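J.: no letters, just coordinates:
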């Protein structure tokens, strides 16, 4: 009874008391409207005047609408998809009644302030999926610019996708959350956290090859792990600590935001340090594999990369892109190595490679090593031979 609030039963009793022998079913339209106006203005009824003014809408003396108030069992903080289903049930019932109502009474509809909020929530959730379709290509482009390697960028974007999927799957499967406004807004924000750690580790992997001259996956992996993993973990700890105070807030959005932040940090550390770094160790790009700097130089697109990596003045005052300088340096190393190998055909390739690496890292170190080897292989002195012969005689005796 409390779930339904309708003026018609009370109006019928009020009408019968003031019009003996008549009812709302057998009176004229003019009398019905006149009595309805008086009932709406009567203050001695069960329903308040304010409530009757909401239910019975007269505009310029004409009846424009009537309403019936219904209380639903759906919670106001229910998930967006659940509220959308409740609205669908109401709409289905009303539209079914319109199909059987007489002319003039076949235009009923269900309205609620909650339906307006449901539309806003559905728009936010739809925007969340649209945001994912936008943010992943943008993140992939940024990763390409940061690493200059399409293979590393691909590994990184896969890691980011796994992080987002892990967070959303966890809150739905284990926390029972459905995707609503709070989850959608927070979900867009936490995607930035998932990009952060992967891009730092990928940048260190590339720097190991460009700046340190490390050619193999293992060396680059070791360098990136030593230089950046501890920093990434420290950043994760501080961000996780920032999420803790949000759990004690009263507004629903902030505890959810804190939970999503904490989960994102956890999955980011797992997939960046565990998955991305492991994938780089096993199948990381080496040499020119996936290197967009070399590809840009080969295709004549160095100027395009100058906007991404900045410009600096050369010795003659000319403007030179950092990308072109790095690519030229790498190419010069390759040319230098090939020239040396052609000039020294009699030495084994492995020894030539070792000598070239030693010269490129520390000039003069290779010569010192050869001098030490020559000293070790030089003929022994007469004293050494005499001692050796004495030792042999003593051993024979």
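T.: Perfect, I can see it now. The shown structure was predicted, so the numbers you read here are calculated from the model rather than taken from an experiment.
J.: any idea which element the spatially closest residue to residue 107 that is not a sequence neighbour lies in?
T.: Spatial nearest neighbour of residue 107, excluding adjacent residues (Cβ to Cβ, 6 or more residues apart in numbering): residue 98 at 6.8 Å. (C-beta placed from N, C-alpha, C; glycine too.) Using DSSP states H and E, residue 98 sits within helix 80-100.
J.: for the residue nearest to residue 107, give me its contacts.
T.: 106, 107, 108 (Cβ atoms under 8 Å, 6 or more residues apart in numbering).
J.: from the residues you listed, which is closest to residue 11?
T.: The closest of the contacts of residue 98 to residue 11 turns out to be residue 108 (Cβ to Cβ; 18.1 Å).
J.: and that closest one, how close does it get to residue 117?
T.: Per Cβ to Cβ, to the nearest Å, residue 108 is found 22 Å from residue 117.
J.: burial check on residue 57, number of neighbours?
T.: 13 (other Cβ atoms under 10 Å).
J.: what's the lowest-pLDDT member of the contacts of residue 98?
T.: Ranked by pLDDT, the contacts of residue 98 bottom out at residue 106 (81).
J.: surely it is in a helix?
T.: No - secondary structure assignment places residue 106 outside any helix; it is coil (DSSP: H, G, I helix; E, B strand; the rest coil).
J.: just give the number of residues close to it.
T.: Residues near residue 106, counting by other Cβ under 10 Å: 12.
J.: which positions within the helix holding residue 98 qualify as buried?
T.: Buried positions in helix 80-100, judged by neighbour count with 16 or more other Cβ atoms under 10 Å: 80, 83, 84, 86, 87, 90.
J.: settle this for me: the last one is touching residue 110, isn't it.
T.: Yes - between residue 90 and residue 110 there is a contact at 4.1 Å, judged by Cβ atoms under 8 Å.
J.: once you drop chain neighbours, what's closest to residue 12?
T.: Leaving aside its chain neighbours, residue 12 sits nearest to residue 24 (5.2 Å; criterion: Cβ to Cβ, 6+ apart).
J.: pretty sure the one you found is in a strand, no?
T.: No - looking at residue 24 with three-state DSSP, it is coil, so not inside a strand.
J.: and for it, the neighbour number?
T.: Residue 24: 17 surrounding residues under other Cβ under 10 Å.
J.: who touches it in this structure?
T.: With contact set as Cβ under 8 Å, 6+ apart, residue 24 has these partners: 8, 11, 12, 15, 32.
J.: and for the first one, the neighbour number?
T.: What that stands for is residue 8. Residue 8 - counted by other Cβ under 10 Å - has 11 other residues nearby.
J.: got it, and the last one?
T.: With neighbours defined by other Cβ under 10 Å, the count for residue 32 comes to 17.
J.: distance check, residue 100 against residue 86.
T.: Using Cβ to Cβ, residue 100 is found at 23 Å from residue 86.
J.: typed the wrong thing, it's residue 29
T.: For residue 29 relative to residue 86 (Cβ to Cβ), the value is 36 Å.
J.: what about the helices in the stretch 1-150 of the chain?
T.: Counting by DSSP state H, counting those that start in this stretch, one finds helices in the stretch 1-150 of the chain at the ranges 8-18, 29-41, 49-55, 80-100, 113-147, 150-173.
J.: do you know which of these lies nearest residue 200?
T.: Short answer: helix 113-147, nearest of these by Cβ to Cβ, at 8.9 Å.
J.: quick one: the closest one to chain centroid distance?
T.: Relative to the chain's own centre, helix 113-147 is displaced by 10 Å; criterion: Cα atoms, centre = their mean, to the nearest Å.
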